[in-house]
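>>> Build the 3D model from these lines:
(chains A, B, C and D)
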Amino acid sequence: MDFSLSDEQLQLRDAVQRFCEHEYPAASRGVPDAPARMDERWRLMADMGLLGLPFSAGHGGSELSAVDVMIVMEGLGRALACEPYCSTVVLAGGLVAAAGTPAQADALLPAVVRGERRLAIALDEPGARYDPLPLAAKAMRDGDGYRLDGRKTLVFDGDAADTLIVAARTSGAPGDRDGVTLFLVDATARGVDLHAYPTLDGRRAADFRFTDVRVPADRVLGEAGGGLALVEAALDRGIAALCAEAVGALDALLELTVDYVKVRKQFGVALASFQALQHRLVDMLIACEQARAMAGVAAMAVDGGDAAERARLVSAAKVQVGNAARLVTREAIQMHGAMGMTDECKVGHYAKRLLVIGQSFGDVRHHLRRFGQEALA
Amino acid sequence: MDFSLSDEQLQLRDAVQRFCEHEYPAASRGVPDAPARMDERWRLMADMGLLGLPFSAGHGGSELSAVDVMIVMEGLGRALACEPYCSTVVLAGGLVAAAGTPAQADALLPAVVRGERRLAIALDEPGARYDPLPLAAKAMRDGDGYRLDGRKTLVFDGDAADTLIVAARTSGAPGDRDGVTLFLVDATARGVDLHAYPTLDGRRAADFRFTDVRVPADRVLGEAGGGLALVEAALDRGIAALCAEAVGALDALLELTVDYVKVRKQFGVALASFQALQHRLVDMLIACEQARAMAGVAAMAVDGGDAAERARLVSAAKVQVGNAARLVTREAIQMHGAMGMTDECKVGHYAKRLLVIGQSFGDVRHHLRRFGQEALA
Amino acid sequence: MKLQFSEQEEGFRQEVRAFVRERLPEDVRRKVERGLRLERHDYVAWYAKLYERGWITPSWPVEHGGPGWTPVERYIFDEETLLGNAPRIIASGINMLGPVLIAFGSEEQKRRHLPPIRRSEVWWAQGFSEPGAGSDLASMRTSAVREGDDFVVNGHKIWTSYAHFCDWLFCLVRTGSGKPQESISFLLIDLKTPGITVRPIRGIDGGDDLNEVYLDNVRVPAENLIGEVNKGWTYAKYLLGHERTGIAGVGASKQQLARLKRIAATVRDGGRPLIESPGWRERIAALEVELLALEYMGLRMLSGAQIAAAPGVDASLLKIRGTELRQAIYELLLEAAGPAAVPFVEEALFLERADEAPVEPELAALAANFLDSRKLSIYGGANEIQRNLAARALLGL
Amino acid sequence: MKLQFSEQEEGFRQEVRAFVRERLPEDVRRKVERGLRLERHDYVAWYAKLYERGWITPSWPVEHGGPGWTPVERYIFDEETLLGNAPRIIASGINMLGPVLIAFGSEEQKRRHLPPIRRSEVWWAQGFSEPGAGSDLASMRTSAVREGDDFVVNGHKIWTSYAHFCDWLFCLVRTGSGKPQESISFLLIDLKTPGITVRPIRGIDGGDDLNEVYLDNVRVPAENLIGEVNKGWTYAKYLLGHERTGIAGVGASKQQLARLKRIAATVRDGGRPLIESPGWRERIAALEVELLALEYMGLRMLSGAQIAAAPGVDASLLKIRGTELRQAIYELLLEAAGPAAVPFVEEALFLERADEAPVEPELAALAANFLDSRKLSIYGGANEIQRNLAARALLGL
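Residues are numbered from 1 along each chain as shown, chains lettered A, B, ... in the order given. Purely as a prediction, here's the structure:
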């Protein structure tokens, strides 16, 4: 049982922090960036080796753990960085690394590591509400390959992706655990129809319609029909990373609020001198610290071997982080007063990012239920 | 829509208040009284006309409403009075008045009004958890009358009762709405076995075992087989009265706490000067006021005609009063510090009475469900 | 005590309900129902109907065009218009300035300003808050110096809601240097006067209700002074104390709770509508009970019961509980939306472009509405200030 | 970072678990499991086993009989003993006085007092609080005046937990008149000395853990002074700062959560065990998640992570959250009991007379335990005090 970081991890943390301080100046956080600026930062992240963090040395990566990913995500969260790190590196990249054939991995991962290729996962379907089981998109055998039909929604960073990992049924019916297969689909393939839109946190997501999209057999990722377990593991990796991002954002919110109440005066004295606010600030601090501990636990669970234990602890982390986010954003806005209600105050931007994280990949209620299935079985 | 009291009601309130101030001196509230002392007070209550409040003039009563009962109960709650007013007058007396034959009413009510006879209702059975439906006690036809068999639990003031109103099945099976019949049973009848015990609030309740108890046919209360609706109406009357009692107790708790924080010093200043406590005291006040409004609504609903509306509003009141009690007792104890943890401080006695009210005749969860059945139908 | 409204009151309720049903323009109704953006013309479309019916200024005396309602009738009017998804009366001219003009304005000021307010032709913004002086008006700095027939005003007002809709500003200015009670005046300023810049402040929900107003050597004719110079504090206090009906927001809570039930009946989880799951039923029931308790606490006050010894404190209690309850409803609305809260297509918050939202139209505005609801415990005297006030009265401090 | 305990630590856990299973007397185990009353002989029966095994004084140095555990081993020991329903080590001689004697006592004092403490032959009560001086030791008034070879002590101590079990009292007394740092001494007093009256204070749950101690011209030999005169404040601070392990009460929470699950699996509502209803599952799961987060926050600190810049503040955070969580578990236990929480047969809180309770034996003590749990946020520095401390560190005040 050990929560301390190694020397290398401490160095990574410092490097990420320096990068973020330079690349995301406090004043412009939350303000949408020009695509060119984002591309430039993506290249810098590649140069730093961040995009290869979890991948094998053979693909240009540094073979680091989910804890290292956590360190990066926490730094990005604190800086309100909006690059598709989680989508490309953690979620989709992680799936390719875990389940791809050597040929698939060679084709995709080195390009990801160099920042030349972006990926996204297309999993949720309209009306699905966090549960991958009802999945209805279909892939029918068609000669050597498959024909893919169906709709996907809320594909994060979907319009920036060159390659999509699409989950579809090759057998069985919506609700079956078996029969889900993952496909690597070129975003530009014929029959891929994209509708992109902004999300509440100023980022982008997309809906896809796949109509008769031909996918060669060698673009099946992992075993045909056995995609659900892969998806669950990938989502848990992604959730752990988002929990870490949220912890960075929570830290920033607490810090902004502490700074504000020390400076802002009412009736001639600083807000910080009001005991009612002091006590609530302490509750915010406790919430942040519990969230931090659980983000660490989620990262370690993702690195561990046992799927049930992983599910239990990742869900617990998502619950705790979600509750902390609700408390801390509410109080941060309240203590900033009218200023906290404006787009000109950073608090709102962090609040919106935390809200999106909270509503993505399962909300508190969903993960409480999933946790209970494991813990109260 | 009117929440104001009539002049007569204001006089009643003042009379009850004077009675309570004299009969329940603040210093000895919560300390168990000698039976003789309780008997004496019961006689005084009869002399004041309190025991006949809701009954007809023909039986010696004053034909007043549930709002008047509320006024009495609120006063008794504030004084932590422990007499079986709710059991005898509201619950059982109310049932006799509502469903009794003229002969039954003549036999019982004048004696109740004069303070010479006490009643109790025996309804719950072991393991029932607030739901009257699973009721399993049986009453079989036996010549002219019935033979009663079964067990009843948590009969409030059961050991002081001369006559019990017992609910038993004359047809149907546990879970059926039809088939429940009410019986007037002498507490001293052969086959009635009593096991009395103290309750958390220093009062008493009893378990009963009825073995082959012969009940003449003229002791059936209301229509045979139609007892459940009577029971539900009686329970709603009782709950409304208990809500009013709770409001009196909540007022007393808030007052004790406000007085305490003004006097008690820490680090040289009165607790009342700490803003964090001030804000929490305001939340206690709001909770008390919402509870008071809902106790009034429950009383008015009990006087109204519509059973579904009565159920909805009485359940809402029980929920609101239960939540208020939880908040106010928790805070009152906390603000009294170690002193609040002792039996020597009045706070604990009020807390225990409120806890018993909260756990009796349906807790918050039970009534939330019942409310939802009506409100979200 | 009596739980029912009188027959007459029930009749009035039916009358208001029918009026809303018949006269509220359908597009406006849908905007309110779905929490979409309202523009000035939406408000005016509805206010015009109210004006025709004589219902536009519920809080004004009959001789100035008020309907002469009892407090209970005003309560019923608020509730029924909100339940019918009509826009609230947000115009500061109607809610705030009107009563002040009537009480303290000159005959000329009344004649000039009251009719255009009632006809919604002239919209007024409120200029009280300043940067660094939120709940604390005493530290206000905008000044007005008398020069001949004019006051010359310099300063900076903030949080002037809906100023981008507005034509005129009523405004507190410093005309002396002593205590606020003796040094503040109440001025009416035409927003078209040279030297005025209105800058919208984009809200956390993307809305532009909030604005700041810069006043740079703005010349205001002395005839636009309300009452006497240096007596503005008195008029401002009158204004702030005047409009307390509806402070609990019961009608608004009912409106949103109805929306929650509607949404919970359509959004599905695991194939079944949310409202069929015991957990959701319990959560909704809990809010509904809280709302009943708030409503009856308010109605108890309306029938004369006073809680706190000090005046105005009862309103603080209603405001605290009412805003927190409404926020809890919005939290549950957000939860009901689930992943549908993530997309944010700002254009789709306008009914005309609602089809650009990638989610069901009923869910498109929920996240924005949730974010916006955080203001409820901040504006109009933050809940911390209300608790301070109430504690003082409760504790006799 | 690593989520697992080491093999050695897991081995130690198994060892403790087996020890509890084999050596904890069954009647004591059942008393703890059901929240029934424990008497001195119950504690001693268990402590005697721990003494034999060398585990009775986990926080003492090895040379004085401590087991030499790492912080993680102490953590595991606490957790496993509590999960096995062993009584906590409540003896103040072991937890509080021992470390002070070891650090500041004379050789003679150590020789005389430490062995009977370890053997549970002599029980010590703590005499710090006084009426009117709860969390605020500076306003202490009990005095000790030197007369020849004795101190003559006069005063009144309160909230001396378990004093009715105890043989001796360690006690702060005023020996000067200046600041507490310069005027308080630390005395050991035999409770059999003439002039001492111990009065039990009946608790809200009917228990008599609390007492007050009156000292009326009590002659205490000067050899019973710890360290130097007027330096008692230093020793008291050492004592209060010493015992922070386990302040989060994770083991105790796990014990009660296990009890909750057990009870929710047997108590039925509508014919089905509570734990099968989605609402109960969600409530229990929510507490379990909170407990995990508390546990890992504590373990993170154990592995060296510090949260607050100031020392001791981390313990405040754990204390706040830990006590509130335990209280939430007790609230749910009470709710699970339902109507069974109403009867209160005090005699039935003793295992020997458990059959006198009119409810299932597992439910008989729940209301008393719930009431008793309210002390958690009061004793040992009320949570308000902890929040003040933490805020000062957080805000750099």
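>>> Now do C:Glu33, the pLDDT please.
C:Glu33 carries a pLDDT score of 97 in this model.
>>> Quick check: it touching C:Arg259?
Yes - under the contact definition of C-beta atoms under 8 Å, C:Glu33 touches C:Arg259, with a separation of 7.0 Å. For glycine as for every other residue, the C-beta is placed from the backbone atoms N, C-alpha and C.
>>> Looking at those two, which one has more neighbours?
The neighbour comparison of C:Glu33 against C:Arg259 (other C-beta atoms under 10 Å in any protein chain shown) goes to C:Arg259, with 22 against 16.
>>> what's the pLDDT at that one?
98.
>>> so it touches C:Ala336, yeah?
No - with the criterion set as C-beta under 8 Å, C:Arg259 and C:Ala336 do not qualify as a contacting pair; they are 9.5 Å apart.
>>> Give me the neighbour count for residue 25.
No chain in the question, so chain A it is. If we define neighbours as other C-beta under 10 Å, then A:Pro25 has 10 of them.
>>> please go with chain C instead
By the criterion of other C-beta under 10 Å, C:Pro25 has 14 neighbours.
>>> residue contacts, it?
C:Ala45, C:Trp46 (C-beta atoms under 8 Å, 6 or more residues apart in numbering or on different chains).
>>> confidence score at it?
Among the per-residue scores, C:Pro25 holds a pLDDT of 98.
>>> and what of A:Asp33?
Residue-level pLDDT assigned to A:Asp33 equals 84.
>>> Also C:Pro311?
Reported pLDDT at C:Pro311 in the predicted model: 66.
>>> One more: C:Lys237?
Predicted confidence (pLDDT) at C:Lys237: the value is 88.
>>> now C:Gln256
98.
>>> contacting residues around the helix or strand hosting it?
With elements taken from DSSP states H and E, the one containing C:Gln256 is helix C:250-266. In this structure, residues lying in contact with helix C:250-266 by C-beta under 8 Å, 6+ apart are B:376, C:32-33, C:35, C:78-83, C:85, C:88, C:273-275, C:280, C:284, C:287-288, C:291, C:294-295, C:298, C:322, C:325-326, C:329-330, C:332-333, C:336-337, C:360, C:362-363, C:366.
>>> can you check stretch C:357-369 too?
Under the contact criterion C-beta under 8 Å, 6+ apart, stretch C:357-369 has outside partners A:153, A:195, A:197, A:200, A:207, A:355, A:359, C:34-36, C:205-207, C:262-263, C:266-267, C:330, C:333-334, C:336-337, C:340-345, C:348-349, C:354-355.
>>> Enumerate the positions of that stretch that are buried.
By neighbour count, and taking 16 or more other C-beta atoms under 10 Å in any protein chain shown as the criterion, the buried residues in stretch C:357-369 are C:Ala357, C:Pro358, C:Val359, C:Glu362, C:Leu363, C:Ala364, C:Ala365, C:Leu366, C:Ala367, C:Ala368, C:Asn369.
>>> pLDDT of that stretch, averaged?
Mean predicted lDDT for stretch C:357-369 stands at 95.
>>> burial of residue 239, as a residue count?
Since no chain was named, I'll use chain A. The burial count assigned to A:Ile239 is 26, neighbours taken as other C-beta under 10 Å.
>>> meant chain C actually
Using other C-beta under 10 Å, the number of residues around C:Leu239 comes to 23.
>>> Of the contacts of helix C:250-266, keep whichever come out buried.
Buried residues within the contacts of helix C:250-266, counting neighbours by 16+ other C-beta under 10 Å: B:376, C:32-33, C:35, C:78-83, C:85, C:88, C:274-275, C:280, C:284, C:287-288, C:291, C:294-295, C:298, C:322, C:325-326, C:329-330, C:332-333, C:336-337, C:362-363, C:366.
>>> what about the closest residue to C:Glu147 other than its chain neighbours, which SS state?
Using C-beta to C-beta, 6 or more residues apart in numbering or on different chains and skipping the chain neighbours, the partner closest in space to C:Glu147 is C:Arg219 (7.8 Å). Following DSSP: H, G, I helix; E, B strand; the rest coil, we place C:Arg219 in the strand state.
>>> Which strand residues bridge C:Arg219?
C:Val152 (DSSP bridges).
>>> got the CA coordinates for the helix holding C:Gln256 in CSV?
The C-alpha atoms that make up helix C:250-266 are tabulated as CSV, following Å, rounded to 0.1, in the frame of the first residue of the first chain:
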residue,chain,number,x,y,z
VAL,C,250,-43.3,28.8,-5.4
GLY,C,251,-44.8,29.2,-8.8
ALA,C,252,-41.4,29.0,-10.5
SER,C,253,-40.6,25.8,-8.5
LYS,C,254,-43.9,24.3,-9.5
GLN,C,255,-43.2,25.1,-13.1
GLN,C,256,-39.8,23.4,-13.0
LEU,C,257,-41.1,20.5,-11.0
ALA,C,258,-43.8,19.9,-13.6
ARG,C,259,-41.0,20.1,-16.2
LEU,C,260,-39.0,17.5,-14.2
LYS,C,261,-41.9,15.1,-14.1
ARG,C,262,-42.6,15.5,-17.8
ILE,C,263,-38.9,14.8,-18.6
ALA,C,264,-38.7,11.9,-16.2
ALA,C,265,-41.7,10.4,-17.9
THR,C,266,-40.0,10.4,-21.3
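>>> Please identify the pairing partners of the helix or strand immediately after that helix in the chain and their relative orientation?
Taking DSSP H and E as the definition, the helix or strand that follows helix C:250-266 towards the C-terminus is strand C:268-269. Within its sheet, strand C:268-269 is paired with strand C:272-273 (antiparallel), according to DSSP bridges.
>>> Which positions within the lowest-mean-pLDDT helix or strand in chain C qualify as buried?
The weakest-scoring helix or strand in chain C, judged by mean pLDDT, DSSP states H and E, is helix C:232-242 (a mean of 87). When neighbours are counted by 16+ other C-beta under 10 Å, the buried residues of helix C:232-242 are found to be C:Gly232, C:Trp233, C:Thr234, C:Tyr235, C:Ala236, C:Leu239.
>>> got those residues as TSV, with distance to chain A columns?
As requested, those are arranged in TSV below (distance: C-beta to the nearest C-beta, whole Å):
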residue	distance to chain A
C:Gly232	20
C:Trp233	16
C:Thr234	21
C:Tyr235	22
C:Ala236	17
C:Leu239	19
